[in-house]
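Peer 1: got a structure for you, letters missing:
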């Protein structure tokens with residue numbers, strides 16, 4: 001089966017996330033709609049990361065498989081064809097031939113997200129930041145973020161569908177908080193992420209920065225199964241999938 005690897009960027013504001021849902025506008029749905037116009041046979045498009053509602057991607061990877069080609073077509077022609085058909089907030093950055101066995105999700109070994117918190121009101125980036133009006137102690141946030149590294153059980157931060165079997169023990173390679181002028185940036189790289197995990201991590205880290213949670217309180221959220229962490233969640237506007245990694 002002809003297979004390609006795609007690198008995609010998109011603004012998630014208008015979408016219910018990546019994964020196709022009935023009667024919902026999704027990134028995968030838009031991609032498949034364009035594919036139906038480009039190819040005369042069945043197509044499959046699978047992303048490395050199923051970003052959630054309102055979340056953006058600077059670089060998500062996807063595998064494109066077409067059941068049968070009726071004519072020779074180059075990767076460049078496919079890329080141009082998609083970008084002519086896709087809406088303004090979805091763009092194919094790269095497209096290349098791939099082995100028939102390539103699977104964007106199973107072959108992916110790590111994902112990296114960045115979250116942007118703005119310390120001031122902004123006229124130009126409302127859809128891309130979380131404006132936090134309170135004074136934030138970045139040093140305390142940095143101490144809490146250090147605790148995330150290594151293998152942790154994120155059950156307290158996740159929203160797992162009933163009956164779905166997935167490990168909540170995840171290895172985190174990187175977790176850091178930095179400042180860049182009016183932005184506070186939280187960057188994290190892990191083997192995979194659980195539903196709602198990122199937004200709840202950021203929400204609770206912000207509570208540490210505000211002084212409503214201590215670093216020790218945050219450590220308890222990581223060590224014990226509790227519903228307390230689920231009550232605090234950052235909005236999706238500031239969340240970007242930065243990159244996916246392969247061997």
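Peer 2: Thanks, I have the structure now. Model, not experiment: these values are computed from the prediction. Numbering: from 1, shown residues only.
Peer 1: which ones are touching residue 111?
Peer 2: Residue 111 is in contact with 48-49, 189-193, 241, 243-245, counting by CB atoms under 8 Å, 6 or more residues apart in numbering. The C-beta positions use only the backbone N, C-alpha and C, and glycine is treated the same way.
Peer 1: quick one, phi psi at it?
Peer 2: phi -130, psi 150 (degrees, to the nearest 10).
Peer 1: now the closest residue to residue 13 other than its chain neighbours: how far from residue 113?
Peer 2: Closest residue to residue 13 apart from its sequence neighbours, by CB to CB, 6 or more residues apart in numbering: residue 127 at 4.8 Å. Per CB to CB, to the nearest Å, residue 127 is found 17 Å from residue 113.
Peer 1: Compare these two (neighbour count), which wins?
Peer 2: Neighbour count, other CB atoms under 10 Å: between residue 127 and residue 113, residue 113 has more, with 24 against 15.
Peer 1: So that one belongs to a helix, correct?
Peer 2: No. Counting by DSSP: H, G, I helix; E, B strand; the rest coil, residue 113 is located in no helix; its state is strand.
Peer 1: and this protein, what are its domains?
Peer 2: 3-97, 109-246 (automatic domain parsing).
Peer 1: In JSON lines, list the ones you listed along with mean pLDDT and distance to residue 103.
Peer 2: Converted to JSON lines, the domains of the chain look like this (pLDDT from 0 to 100; distance: least, CB to CB, whole Å):
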{"stretch": "domain 3-97", "mean pLDDT": "96", "distance to residue 103": "6"}
{"stretch": "domain 109-246", "mean pLDDT": "95", "distance to residue 103": "11"}
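Peer 1: before we move on, which element is the residue positioned nearest the centre of the chain in?
Peer 2: Compute the mean C-alpha point of the chain, and by CA atoms, centre = their mean the closest residue is residue 241, 3.8 Å away. Assigned by DSSP states H and E, residue 241 belongs to strand 239-246.
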